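In: Structure for this input, please:
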Amino acid sequence: MADFTREELEAIVHKLEGKDLRGLDLSNVDLSGANLLRADLSNTDLTGAELHRANFLGANLTNACLTDANISWAVLEEANLCGADLCGANLFSSYLRRSEYSSETKWPTGFDPVSAGALLV
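Out: Numbers count the residues shown, from 1 in each chain. Coordinates of the predicted model:
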């Protein structure tokens, strides 16, 4: 069960480190600059979310939907992206070094996860 509602998240955007956000519908939410260090966002719907400059270091994004999300300039280092759907997402200047993905992970057209430093597991 998730720790917060959508409204509470937007109010405490910089205090989400390590929080349980599994399975929430956060579509179109604005979490720009959020500190999501080691947060559990597995099975979370982040469709169209504003995640510009968010910190996802070590976060669990397994099976998360990030379709059309703005993840530009975000830190996704060591994040688990296995099964995540990033189709149409803006990953401009995002840092994906040592993030993990699976064959089920969906990337934006033309995006090369290997050259971005992500690891196929």
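
In: Look up the closest residue to Asn28, ignoring the ones flanking it.
Out: Using C-beta to C-beta, 6 or more residues apart in numbering and skipping the chain neighbours, the partner closest in space to Asn28 is Gly48 (4.5 Å). Every C-beta, even on glycine, is put in place using the N, C-alpha and C of the backbone.

In: That neighbour: neighbouring residues, count only.
Out: 17 (other C-beta atoms under 10 Å).

In: Please verify my assumption that it contacts Leu26.
Out: No - the criterion here is C-beta atoms under 8 Å, and Gly48 misses it with Leu26 at 9.7 Å.

In: so how far is Leu81 from Gly117?
Out: Separation of Gly117 from Leu81 (C-beta to C-beta, to the nearest Å) stands at 12 Å.

In: can you check Ser93 too?
Out: For Ser93, the distance to Leu81 - C-beta to C-beta - is 17 Å.

In: Just want to know which of the two has more residues nearby.
Out: Set Ser93 next to Leu81 and count neighbours by other C-beta under 10 Å: Leu81 wins out with 29 against 10.

In: who's in contact with that one?
Out: Leu61, Thr62, Ala64, Ser99, Glu100, Tyr101, Ser102, Thr105, Ala118 (C-beta atoms under 8 Å, 6 or more residues apart in numbering).

In: the strands in the chain, which residues?
Out: Using DSSP state E, the strands found in the chain span residues 100-101, 119-120.

In: packing partners for the last one?
Out: When contacts are defined as 3 or more C-beta pairs under 8 Å, 6 or more residues apart in numbering; DSSP states H and E, strand 119-120 packs onto strand 100-101.
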